[in-house]
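A.B. asks: Generate a structure from the sequence data that follows.
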Amino acid sequence: MDRRENDRQSISRRVAFTAMVFALGGATAALLSRPVVAQQKISQSLAQYQTAPKDNDHCAACNNFQPPNSCKFVEGQISPNGWCPLFTAKT
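C.D. replies: Sure thing, here's the model as predicted:
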């Protein structure tokens, strides 16, 4: 292999490597800049939602509750006095 052929292979590898780095960087930037996909809510029956509180725990005291009557994770109208196993007490 003569020197010119060796130089061409080195340049080709360098060009290929540089292209790969830019492609990966672009793909990473594209992933990071994607809009957040809306989370799908689960049904009340799947969440085991009930309209009555459980002891002192109730939806209005939960981090997932969104006044006046919805939840981050459970679909449909949610009573502030309801409860489900997804309950997470507000701090």
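A.B. asks: Where do the strands of this structure begin and end?
C.D. replies: Per DSSP state E, the chain carries strands over the ranges 65-66, 70-71.
A.B. asks: Of these, which is nearest Thr91?
C.D. replies: Closest to Thr91 of the strands of the chain is strand 65-66 (Cβ to Cβ; 13.7 Å). In short, each C-beta sits where N, CA and C put it, glycine included.
A.B. asks: where exactly do the helices run in this protein?
C.D. replies: Applying DSSP state H to the chain gives helices spanning 3-32.
A.B. asks: what's the burial count for Ser70?
C.D. replies: Look at Ser70: counted by other Cβ atoms under 10 Å, it has 16 neighbours.
A.B. asks: Give me the below-cutoff pLDDT ranges for this protein.
C.D. replies: The chain contains residues with pLDDT under 70 at 1-38.
A.B. asks: Contacts for stretch 58-78 next, please.
C.D. replies: For stretch 58-78, the external contacting residues (Cβ atoms under 8 Å, 6 or more residues apart in numbering) are 39, 41-44, 47, 49, 79-84, 86-91.
A.B. asks: Can you give the domain ranges for the protein?
C.D. replies: Following the assignment in automatic domain parsing, the chain carries domains at 1-34, 38-91.
A.B. asks: quick revisit: columns distance to Cys59 on top of the strands of the chain, output as CSV?
C.D. replies: Listed next are those as CSV, based on distance: least, Cβ to Cβ, whole Å:
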stretch, distance to Cys59
strand 65-66, 5
strand 70-71, 7
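A.B. asks: Pick the most deeply packed of these.
C.D. replies: Highest mean neighbour count of those: strand 70-71, a mean of 19 (counted as mean count of other Cβ atoms under 10 Å).
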